[in-house]
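Asker: coordinates only, no sequence provided:
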């Protein structure tokens, strides 16, 4: 969502770094570019004006002008101002001293509440909680069925409520949660296409009946400035404790979502980064600011890896690679782990300096097709062939191409890339053993 903004700001600061010293004219030009980039990304004018004024004041106060490190200082000041605009630090989801913790999701119809409810349940389960879902959206056709289907995927219980007794039945489901061994209850409420009195009265009734620990407003990040207006309207009627930004992975400009915290004072707690049920992250203002400024986000990348990669297995795989014992079986295993972490382009953006490379890679359905092709080719090999690709003669390659639905050139290309990767890793392993590279001591023994 923030790719265009990242590109503009990265170009602006690259131009600034090319100057031997930052003059006042250079600073004004850079801030003008920052202002235009933020406005084009749909960040509200008031928020942009305040941010640019803050940056200029600090830059002048810290004597950035005429400093040989002025460009780096400007980037640091812009980063800090963005972090402040986004809320300063991560706001955790509440945990009640006496279970169950009750979380209510509110928002307009189509904002992504139902899917977000399941994603949040999945996230909290990974943190060791035992969530339960309550389907209190009784007005949208199939909303209850959708939540039950999502609950089934996650193997989590979903409670239905009667349309005539939404508040009472929701309270009853919460009262029985502890007896079922559930320490967290997530309630999906009804929305409308626009804010109206009937919807607000129903949600207010549910909130009064259950007194939730968290009332989270789900906001469609593609909604533009309407999202800010909706957040303000809900906040005026309900005790909103946090925001969930849904559909952050879309192609929309998305700057309005950056304005919500500054406009309403409500902290953003979570953001949805894709369609899958694990595509949701805790909102870290400093990490998002780093991404927007092209600095990457190594911390989130490491966290994603830790979720899907076993530490002992990862060390063994690394050792195999650097000792040139890495097989196509190992390669296939790593592909599966990579798929669990998310799209390759998104992962590369988290590595400092790799943002531009991510734009050159295939994305979406095309990337999925390429990955499936590689998987099909490896799956069509025998165990002996995967362990030792050197035995793959012409007839074997024809058989593999036919079995995988690909062509012989496709098979040849994969084998060539694999062999080149293995040679490179062997060279790096040799340097590590010789002590010219830092690596795990076991390789030097």
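Answerer: Done, it's in. Predicted model only: the values in this text are computed from it and were never measured.
Asker: tell me the secondary structure for residue 104?
Answerer: The three-state label given to residue 104 by DSSP: H, G, I helix; E, B strand; the rest coil is strand.
Asker: quick one: contacts for it?
Answerer: Shown in contact with residue 104 (Cβ atoms under 8 Å, 6 or more residues apart in numbering): 187, 189, 203, 206-207, 210, 212, 214-216. Backbone N, C-alpha and C define where each C-beta goes, glycine included.
Asker: what do you get for residue 129?
Answerer: Per Cβ under 8 Å, 6+ apart, neighbours of residue 129: 95, 101, 183-184.
Asker: just the strands from the stretch 201-350 of the chain, written as ranges.
Answerer: In the stretch 201-350 of the chain, the strands defined using DSSP state E, counting those that start in this stretch lie at 214-220, 242-246, 268-272, 280-282.
Asker: hmm, who's touching the shortest one?
Answerer: This points to strand 280-282. Counting by Cβ under 8 Å, 6+ apart, 90, 92, 116, 119-120, 122-123, 269-273, 300 sit against strand 280-282.
Asker: check the first one too.
Answerer: With contacts defined as Cβ under 8 Å, 6+ apart, strand 214-220 is touched by 93-94, 101-108, 110-113, 116, 120, 207, 227, 230-231, 234-235, 238-247, 257, 260, 266, 269-270.
Asker: mark which of those residues are buried, thanks.
Answerer: If you count burial by 16 or more other Cβ atoms under 10 Å, the buried members of the contacts of strand 214-220 come out as 93, 101-108, 111-113, 116, 120, 207, 227, 230-231, 234-235, 238, 240-247, 257, 260, 266, 269-270.
Asker: circling back to that earlier point, what about the contacts of residue 104, which are in helices?
Answerer: 203, 206-207, 210 (DSSP state H).
Asker: neighbour-wise, which of those residues leads?
Answerer: residue 206 (25 neighbours; other Cβ atoms under 10 Å).
Asker: ok, now which ones touch it?
Answerer: Shown in contact with residue 206 (Cβ under 8 Å, 6+ apart): 104, 136, 166-167, 170, 187, 189.
Asker: can you pull the buried residues of stretch 266-279?
Answerer: 266-274, 277-279.
Asker: closest one of the residues you listed to residue 130?
Answerer: Using Cβ to Cβ, residue 277 comes nearest to residue 130 of the buried residues of stretch 266-279, at 16.7 Å.
Asker: tell me the pLDDT of that closest one.
Answerer: Note for residue 277: predicted pLDDT of 93.
Asker: same question for residue 404.
Answerer: At residue 404, pLDDT is 93.
Asker: what about residue 207, distance to residue 240?
Answerer: Distance of residue 207 to residue 240, given as Cβ to Cβ, to the nearest Å: 10 Å.
Asker: please apply the same query to residue 95.
Answerer: Distance, residue 95 to residue 240, using Cβ to Cβ: 18 Å.
Asker: residue 12: what's its closest spatial neighbour, skipping adjacent residues?
Answerer: Nearest residue to residue 12, sequence neighbours excluded (Cβ to Cβ, 6 or more residues apart in numbering): residue 33, at 4.2 Å.
Asker: can you count the residues close to residue 330?
Answerer: 16.
Asker: circling back to that earlier point, could the buried residues of stretch 266-279 be laid out in JSON lines, adding distance to residue 390?
Answerer: Output for those, formatted as JSON lines (distance: Cβ to Cβ, whole Å):
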{"residue": "266", "distance to residue 390": "61"}
{"residue": "267", "distance to residue 390": "57"}
{"residue": "268", "distance to residue 390": "53"}
{"residue": "269", "distance to residue 390": "53"}
{"residue": "270", "distance to residue 390": "49"}
{"residue": "271", "distance to residue 390": "47"}
{"residue": "272", "distance to residue 390": "46"}
{"residue": "273", "distance to residue 390": "41"}
{"residue": "274", "distance to residue 390": "39"}
{"residue": "277", "distance to residue 390": "42"}
{"residue": "278", "distance to residue 390": "39"}
{"residue": "279", "distance to residue 390": "40"}
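Asker: all helices for the stretch 51-200 of the chain, in order.
Answerer: 70-86, 113-126, 143-154, 166-175, 197-210 (DSSP state H, counting those that start in this stretch).
Asker: please identify the buried residues of the fourth one?
Answerer: For helix 166-175, the buried set under the neighbour-count rule, 16+ other Cβ under 10 Å, comprises 166-167, 169-174.
Asker: just the third one next, same as before
Answerer: Of the residues in helix 143-154, those buried by neighbour count under the rule 16+ other Cβ under 10 Å are 143-144, 146-148, 150-151, 154.
Asker: quick check: which element contains the residue lying farthest from the centre of the chain?
Answerer: For the chain, the largest distance from the centre (Cα atoms, centre = their mean) belongs to residue 395, which lies 44.5 Å off. Using DSSP states H and E, residue 395 falls within helix 394-404.
Asker: adding pLDDT and distance to residue 388, write the contacts of residue 104 out as CSV.
Answerer: Converted to CSV, the contacts of residue 104 look like this (pLDDT from 0 to 100; distance: Cβ to Cβ, whole Å):
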residue, pLDDT, distance to residue 388
187, 96, 56
189, 94, 59
203, 91, 63
206, 94, 63
207, 93, 64
210, 93, 63
212, 95, 60
214, 96, 56
215, 96, 60
216, 96, 54
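Asker: I'd like these written out as TSV, with distance to residue 77 added.
Answerer: Formatted as TSV, these follow (distance: Cβ to Cβ, whole Å):
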residue	distance to residue 77
187	42
189	41
203	41
206	44
207	41
210	44
212	39
214	34
215	35
216	32
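Asker: need the contact list for residue 121.
Answerer: Contacts for residue 121 were tallied using Cβ under 8 Å, 6+ apart; they are 131, 133, 151, 154, 156, 184, 186.
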